[in-house]
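Engineer: model this:
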Amino acid sequence: MTVEIELKLIATPAAVTALPQQLVAWPNQHATPQKLTNIYFETADNFLRSQDMGLRIRGFDDSYEMTLKTAGKVLVGLHQRPEYNVSIATPVLALEQFPAGIWPLGCDLTALQQALQPLFRTDFMREKWVVTYGTSEIEVSLDQGEISAGELSEALCEIELELKQGHTADLLALANALAEHGGLRQGNLSKAARGYHLAHVAHECRQLRVLKPAAKSSVEQGMIASVELALSHWQYHEELWLGGDVQARRSVLEAIALIRQALVIFGGLVPRKASADLRARLTTLEPLLVDKTVQPQVLCYSAQYLQCKLALTSWLVTRAWRPFVGVKGQAKLDDSFKCFCDIMLGRSAAELKAAFNHTLNDDEYPEQLPCLTRHLSAFTLLSGAYPDEQTEPYLASWRELQLALAERRQSGYEASRKQALSHAPFWLNSAL
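Structural biologist: Take a look at the predicted model:
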């Protein structure tokens, strides 16, 4: 088993043309371009996808390799997935050659192999460089071709950076250097995921979900999960926006607002100077996203857009706040996230009550919308330790008030305010 650490970048034709000359700036070894074909398999009931697994046969020259990727982690394009590779003589599945322990409990391999059928394929030319950057060796792959599923197809033009030896920070730094020239954006979807989407899925904007932290998470782990949630929401809706869904732009802005709120929530433990660069980048980017005349094909492939996302990714991966917190600060970050959430939920609720615990006139209500939106973002990040049946009625009532204010439905202001205030706190230590 190996664990890939790679970054996927979607490239414009101009960026592809410029890439070889850019890589000359660092020591590198170039490989002759190679034609690759990948055939991806799935069952009629999408069994592999339901297990977050992907199965393919890759052909190059006269050799074939069967690959199974199992569940892993993706942080806005930075992929870490266990991968199993088996050489095979012909492009025919032979599942029994994989380690037995990687399959879900009770999986019948014979029945699974019979049920698997080709779902889609990718055909492309791959050109590779192994670049020495910092103290690391990073493989840079340029893939150009297409993804096809039946009669459907779409162009494929990607640059992948894979860490072969060294440090993830060097991989991100190389990506940032390439980003300076523009024409690149992070791609959170693997070729396989894009193929599945092409074959099956019509995506829509989705509501920001409540963060569900791992059991017994520390405050630091909760902070990391909070920003990861926002970045995932950002990347998902960026793809939709580029695909023509104009409403998705709002969700990208919503994700950025969530990142800002996360920095506020944890600001008592992580000094502002630890996130100063991030906040400055977000401040520069937000007006461009608000401007409805800006086209996503221009903004999302701009240097400042990609570098902002890379900075956020690097901040998380390298734990860049730690030099600013000290021993005592780190001890607080190691405390229980659940207890921290209870305290912060109480504070948010108190501020909402202070803002809405009295009748407002029709002009005063909209003035409270930014405050309400901020605290709803806070509840999104802090409520996940409690069952949905406890949290949802509370959150839904405040969302209804938020919607009434956003739509200027004056007739609904008062009733929504009273309904929201009528819900008892669902968290412990609510008196704090």
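Engineer: where does the stretch 101-250 of the chain have low pLDDT?
Structural biologist: Across the stretch 101-250 of the chain, the ranges flagged by pLDDT under 70 are 201-202.
Engineer: strands paired with the longest strand seen in the chain, and their directions?
Structural biologist: In the chain, assigned by DSSP state E, the strand with the most residues is strand 117-133. Counting by DSSP bridges, the strands paired with strand 117-133 are strand 28-42 (antiparallel), strand 136-149 (antiparallel).
Engineer: in JSON lines, list those strands along with mean neighbour count.
Structural biologist: Where C-beta positions appear, they are placed from N, C-alpha and C, glycine not excepted. As requested, the strands paired with strand 117-133 are exported to JSON lines (neighbours: other C-beta atoms under 10 Å):
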{"stretch": "strand 28-42", "mean neighbour count": "16"}
{"stretch": "strand 136-149", "mean neighbour count": "20"}
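Engineer: how about the ones you listed in CSV, adding distance to residue 349?
Structural biologist: Below are the strands paired with strand 117-133 laid out as CSV (distance: least, C-beta to C-beta, whole Å):
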stretch, distance to residue 349
strand 28-42, 46
strand 136-149, 47
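Engineer: how far away is residue 387 from residue 219?
Structural biologist: Per C-beta to C-beta, to the nearest Å, residue 387 is found 22 Å from residue 219.
Engineer: of these two, which one has the most company?
Structural biologist: Shown here are residue 387 and residue 219; by other C-beta atoms under 10 Å, residue 219 has more neighbours (21 against 9).
Engineer: the residue nearest the centre of the chain: which element?
Structural biologist: Nearest to the mean C-alpha position of the chain, counting by C-alpha atoms, centre = their mean, stands residue 232 at 2.5 Å. Residue 232 is located in helix 219-242, with elements delineated by DSSP states H and E.
Engineer: what packs against the next helix or strand after that helix?
Structural biologist: Counting by DSSP H and E, the next helix or strand C-terminal to helix 219-242 is helix 248-265. Packing partners of helix 248-265 (3 or more C-beta pairs under 8 Å, 6 or more residues apart in numbering; DSSP states H and E): helix 219-242, helix 276-290, helix 369-382.
Engineer: can I get these in JSON lines including distance to residue 327?
Structural biologist: Putting those into JSON lines (distance: least, C-beta to C-beta, whole Å) gives the following:
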{"stretch": "helix 219-242", "distance to residue 327": "14"}
{"stretch": "helix 276-290", "distance to residue 327": "22"}
{"stretch": "helix 369-382", "distance to residue 327": "26"}
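Engineer: would you mind measuring from residue 43 to residue 157?
Structural biologist: Distance from residue 43 to residue 157, counting by C-beta to C-beta: 30 Å.
Engineer: next: residue 381.
Structural biologist: If you go by C-beta to C-beta, the gap between residue 381 and residue 157 works out to 36 Å.
Engineer: for residue 165, same thing?
Structural biologist: Distance check for residue 165 against residue 157: by C-beta to C-beta, it reads 27 Å.
Engineer: between these two, point out the one with more neighbours.
Structural biologist: Ranked by neighbour count (other C-beta under 10 Å), residue 165 and residue 157 place residue 157 first, with 17 against 12.
Engineer: mind checking the SS state of that one?
Structural biologist: Classification of residue 157 using DSSP: H, G, I helix; E, B strand; the rest coil returns strand.
Engineer: switch to numbering from 34
Structural biologist: Done: numbering now begins at 34, and the last item shifts to residue 190.
Engineer: is it true that it touches residue 180?
Structural biologist: No - Residue 190 lies out of contact with residue 180 (C-beta atoms under 8 Å); the separation is 10.8 Å.
Engineer: so which bits of the longest strand of the chain are buried?
Structural biologist: For strand 150-166, burial by neighbour count (16 or more other C-beta atoms under 10 Å) applies to 152-157, 159-164, 166.
Engineer: for it, output the C-alpha coordinates as PDB.
Structural biologist: C-alpha atoms of strand 150-166 as PDB (Å, rounded to 0.1, in the frame of the first residue of the first chain):
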ATOM      1  CA  GLN A 150     -19.000  -3.200 -15.700                       C
ATOM      2  CA  PRO A 151     -17.000  -0.400 -17.500                       C
ATOM      3  CA  LEU A 152     -18.600   2.900 -16.500                       C
ATOM      4  CA  PHE A 153     -16.400   5.500 -18.200                       C
ATOM      5  CA  ARG A 154     -12.900   6.000 -19.500                       C
ATOM      6  CA  THR A 155     -10.200   8.600 -19.700                       C
ATOM      7  CA  ASP A 156      -7.800   8.800 -22.700                       C
ATOM      8  CA  PHE A 157      -5.000  11.300 -22.500                       C
ATOM      9  CA  MET A 158      -1.300  12.000 -23.100                       C
ATOM     10  CA  ARG A 159       0.800  12.400 -19.900                       C
ATOM     11  CA  GLU A 160       4.100  14.300 -19.800                       C
ATOM     12  CA  LYS A 161       6.100  14.100 -16.600                       C
ATOM     13  CA  TRP A 162       8.900  16.000 -14.900                       C
ATOM     14  CA  VAL A 163      10.500  15.100 -11.500                       C
ATOM     15  CA  VAL A 164      11.300  18.500 -10.000                       C
ATOM     16  CA  THR A 165      13.600  19.100  -7.100                       C
ATOM     17  CA  TYR A 166      12.100  21.900  -5.100                       C
END
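Engineer: distance from the chain centre to that strand, please.
Structural biologist: Relative to its parent chain, strand 150-166 has a centroid offset of 22 Å by C-alpha atoms, centre = their mean, to the nearest Å.
Engineer: then stretch 336-356?
Structural biologist: On the basis of C-alpha atoms, centre = their mean, stretch 336-356 is displaced by 13 Å from the centre of the chain it belongs to.
Engineer: with stretch 143-157 instead?
Structural biologist: Distance, centroid of stretch 143-157 to centroid of chain: 27 Å (C-alpha atoms, centre = their mean).
Engineer: what about the strands in the stretch 84-233 of the chain?
Structural biologist: 87-93, 96-102, 106-108, 111-113, 115-121, 150-166, 169-182, 185-198, 217-219 (DSSP state E, counting those that start in this stretch).
Engineer: quick one, which of those gets closest to residue 286.
Structural biologist: Minimum separation from residue 286 across the strands of the stretch 84-233 of the chain (C-beta to C-beta) falls at strand 217-219, 17.0 Å.
Engineer: re earlier: nearest to residue 37, of the helices and strands packed on helix 281-298?
Structural biologist: Between residue 37 and these, the shortest gap by C-beta to C-beta is with helix 252-275, which sits at 18.3 Å.
Engineer: check which helices and strands that closest one sits against.
Structural biologist: strand 106-108, helix 281-298, helix 329-332, helix 336-350, helix 355-366, helix 370-389, helix 402-415.
Engineer: in that helix, which residues are buried?
Structural biologist: Buried, per 16+ other C-beta under 10 Å, within helix 252-275: 252-253, 255-275.
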